[in-house]
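Chemist: Predicted model, plus sequence, below.
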Amino acid sequence: MILYHGSYVEIAKPDLKHSRLNVDFGRGFYTTPIYEQAVKWCKKFKRQGKEGVVSYYRFDEDAFDKLKVLRFDSYSEEWLDFILICRGGKDISDYDVVIGGVANDKVFNTVELYFDNLIDKSEAIRRLRYERPNLQVCFRTEKVLAEYLHFERSEQV
């Protein structure tokens, strides 16, 4: 499987020391199998006057059988709960990889409405189902990055 990472620099050797806490799936290196999504991630850097660079990686999907993986196949109650835990800085799970939808600005607005008790969980899930297809693959351990994610090349966008 080919995965992409959108940034302002080439990242030939991903690591966790540059990752942020309190994001969708916690501290990790975020990739996507959707090229257009990685390009979109670059746009925030371009608005800051930086370059946009998409790095390409090869990942052997057979490795999923050897790793502790959490996969969300849709925007669900479980996905929402996990996002809230991670964004709240309370994640203590030990997953190697987490896969699921992105909590983009529109999604996060829905999450905030839910957090503020302005909508209930079922309404939040209903609203989230209408988001454009997207997918993020978060690598959360140095071991996975070193052993299973292989840099191929990068390009400016």
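Modeler: Noted; the coordinates are in hand.
Chemist: rest of the way, CA atoms for contacts and neighbours
Modeler: Fine.
Chemist: Residue 76: neighbouring residues, count only.
Modeler: 18 (other Cα atoms under 10 Å).
Chemist: Cross-check the contact I'm expecting between it and residue 123.
Modeler: No. Here residue 76 does not reach residue 123: they are 11.0 Å apart, not a contact under Cα atoms under 8 Å.
Chemist: Quick one: find the helix or strand in the protein with the lowest mean pLDDT.
Modeler: The helix or strand of the chain with the lowest confidence, counting by mean pLDDT, DSSP states H and E, is helix 105-115 at a mean of 78.
Chemist: give me the beta-bridge partners of the residue nearest in space to the middle of the chain?
Modeler: Centrality entry for the chain: nearest residue to the mean C-alpha point is residue 136, 3.8 Å, by Cα atoms, centre = their mean. Beta bridges link residue 136 to residue 100 when assigned by DSSP bridges.
Chemist: need the contact list for it.
Modeler: 30, 31, 32, 33, 99, 100, 101, 102 (Cα atoms under 8 Å, 6 or more residues apart in numbering).
Chemist: how about 10 Å then?
Modeler: Residues in contact with residue 136 (Cα atoms under 10 Å, 6 or more residues apart in numbering) are 3-5, 24-25, 29-34, 37-38, 98-103.
Chemist: again, but for residue 108
Modeler: Counted by Cα under 10 Å, 6+ apart, residue 108 has contacts 24, 83, 102, 114, 128.
Chemist: Specify the local secondary structure of the residue at the greatest distance from the centre of the chain.
Modeler: Centroid-distance maximum for the chain: residue 118 at 26.4 Å, with Cα atoms, centre = their mean. Going by DSSP: H, G, I helix; E, B strand; the rest coil, the secondary structure assigned to residue 118 is coil.
Chemist: all helices of this protein, in order?
Modeler: Assigned by DSSP state H, the chain shows helices spanning 35-47, 77-87, 105-115, 121-128, 142-148.
Chemist: Quick one, which of these gets closest to residue 18.
Modeler: Comparing the helices of the chain by their distance to residue 18 (Cα to Cα), the top pick is helix 142-148, with 11.8 Å.
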